[in-house]
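[1] Below is the sequence, then the predicted model.
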There are 2 protein chains.
Amino acid sequence: MPERSDLPVTTRTTHRRLREQGSTSRRDLDDILRSGVICHLGVMVDGDPMVLPTAYGVAGQVVYLHGSVASRSLVAAPQATICVTVTHVDGLVLARSVFEHAVNYRSAMIYGTPRLVTDPAEKLAGLRALAEHIVPGQWDYARQPNKKELAATTLLALSLAEASVKIRTGPPDDGDSPDADLPVWAGVLPLAAAWQSPEPDPVLPASIPLPPHITALANRPVR
Amino acid sequence: MPERSDLPVTTRTTHRRLREQGSTSRRDLDDILRSGVICHLGVMVDGDPMVLPTAYGVAGQVVYLHGSVASRSLVAAPQATICVTVTHVDGLVLARSVFEHAVNYRSAMIYGTPRLVTDPAEKLAGLRALAEHIVPGQWDYARQPNKKELAATTLLALSLAEASVKIRTGPPDDGDSPDADLPVWAGVLPLAAAWQSPEPDPVLPASIPLPPHITALANRPVR
């Protein structure tokens, strides 16, 4: 019996291959989404798939995406299934054989037909989730959207109900194969992303200090 | 007149919005692809778009993608247009207003119908491009694929002929707006990825040294 917190398995989210990399843990999904910076949105535009890097936010059981009301991809999205993928690359898996080379990664793919958010309160909450996703504290610190800006923004809500999580960790798989006798170094070359030192806008008055919620991220690993 | 090296503009690669972010420079495309670690592959599977993180390699005018012959996405790919997107996130653009928040990024989107590579020589060359993409020197160092492994691998070739490049750099756009009078810090929080210290496979004999071509990457920024 799957636990209550487990992700439901559908045709699209069934792990067909490399099953050891599939996860049905809701906690894994939440962790991947929480620590992602951007996602890649897959959407059909004029009959062909288009993959766009874009910001996102999460609130409850929903991923929010936003963009200009003039965006072709966002206008097309609510009419069909989309796929939102968030990927963390954690390292290169350098094996004895080229064939066993791999990537250590954590990836979440969310499928569904997004809903166009029109309710003003939900629209504000969704945009807040987007702003707060990476820099917590920024929504209350910066100037919030006015009516004109809200009208110029398309907000989509995608349910987290249908999601697939894949995770690979650890050393190469050929440590117990005949290749392990080769004089070839094998292991992982880790990769990490980190926020750097904030760069003030050149026209920013020197009297405006860096607020603590931005300082809290500076020169820290992305988590 | 576009320069000879410029990317051709098609319906799919026309920059409709935020035109200042569009680039038609072949050099920009090459730089983005060279320094990417993985791509996101958009492919139609059973009528819906699927976005998969996957490795890639570049040789001449072609992007190579590979996977198991059992992969649903790779089996489906040669029958229709796919989209391969490589994205670098360079920083968060923290503006005075939430509306003007943005991401500094470099992104390449390549469209086309991939070709299944069956020629043995091209298959080896494509797999070599994949192995060498991130760790130059690894193809000649590790054990190269044998016949059985080659037969188990699907290799796709996607022409670089139809590509769209988008780049955003620099400070927020509201430095010359009325919002610039607000007491709000504005600027860029840069993001950088770096290779860390190599982690040997726990079962690796201590007598096998780390080769220089891997040492060359260790503890260096991803470029």
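    That came through, no problem.
[2] Could the C-alpha coordinates of the helix or strand A:Ser107 falls within be exported in PDB?
    In the assignment (DSSP states H and E), A:Ser107 maps to strand A:102-112. The C-alpha atoms that make up strand A:102-112 are tabulated as PDB, following Å, rounded to 0.1, in the frame of the first residue of the first chain:
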ATOM      1  CA  ALA A 102      25.600   9.200 -16.000                       C
ATOM      2  CA  VAL A 103      24.500  12.400 -14.300                       C
ATOM      3  CA  ASN A 104      23.500  12.700 -10.700                       C
ATOM      4  CA  TYR A 105      20.300  14.700 -10.700                       C
ATOM      5  CA  ARG A 106      17.000  15.400  -9.100                       C
ATOM      6  CA  SER A 107      14.100  16.100 -11.500                       C
ATOM      7  CA  ALA A 108      10.400  16.700 -11.200                       C
ATOM      8  CA  MET A 109       8.000  16.600 -14.100                       C
ATOM      9  CA  ILE A 110       4.500  17.900 -13.600                       C
ATOM     10  CA  TYR A 111       1.800  17.200 -16.200                       C
ATOM     11  CA  GLY A 112      -1.600  18.700 -16.500                       C
END
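[3] helices and strands around it, which ones?
    Secondary-structure packing of strand A:102-112 (3 or more C-beta pairs under 8 Å, 6 or more residues apart in numbering or on different chains; DSSP states H and E): helix A:26-35, strand A:82-94, strand A:153-159, strand A:162-168, strand B:48-54. Glycine gets a C-beta too; all of them are placed from N, C-alpha and C.
[4] Can you lay out the ones you listed as a markdown table showing mean neighbour count, mean pLDDT and distance to B:Gly67?
    What follows is these, written out as a markdown table (neighbours: other C-beta atoms under 10 Å in any protein chain shown; pLDDT from 0 to 100; distance: least, C-beta to C-beta, whole Å):
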| stretch | mean neighbour count | mean pLDDT | distance to B:Gly67 |
| --- | --- | --- | --- |
| helix A:26-35 | 17 | 94 | 21 |
| strand A:82-94 | 24 | 97 | 15 |
| strand A:153-159 | 22 | 94 | 26 |
| strand A:162-168 | 21 | 94 | 13 |
| strand B:48-54 | 23 | 93 | 7 |
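[5] Which residues are in contact with A:Ala142?
    A:131, B:94-98, B:101, B:184 (C-beta atoms under 8 Å, 6 or more residues apart in numbering or on different chains).
[6] likewise A:Asp179?
    A:95-97, A:100, B:143.
[7] so where's chain A uncertain?
    Scanning chain A for pLDDT under 70 picks out A:1-5, A:14-20, A:69-70, A:72-78.
[8] Name the nearest of the contacts of A:Asp179 relative to B:Pro114.
    Closest approach between these and B:Pro114, by C-beta to C-beta: A:Glu100, at 24.2 Å.
[9] Next up, the contacts around A:Gly175.
    Shown in contact with A:Gly175 (C-beta under 8 Å, 6+ apart): A:186, B:201-204.
[10] Please pick the buried ones from these.
    A:186, B:201, B:204 (16 or more other C-beta atoms under 10 Å in any protein chain shown).
[11] can I get those in TSV with secondary structure and distance to A:Tyr111?
    What follows is the buried ones among the contacts of A:Gly175, written out as TSV (DSSP: H, G, I helix; E, B strand; the rest coil; distance: C-beta to C-beta, whole Å):
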residue	secondary structure	distance to A:Tyr111
A:Ala186	coil	36
B:Asp201	coil	35
B:Leu204	coil	40
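[12] so how many other residues sit close to A:Gln196?
    Residues contacting A:Gln196 under the criterion other C-beta atoms under 10 Å in any protein chain shown number 16.
[13] Quick one: classify the closest residue to it other than its chain neighbours as helix, strand or coil.
    Computed as C-beta to C-beta, 6 or more residues apart in numbering or on different chains, the closest residue to A:Gln196 that is not its neighbour in sequence is B:Pro190, at 3.9 Å. Classification of B:Pro190 using DSSP: H, G, I helix; E, B strand; the rest coil returns strand.
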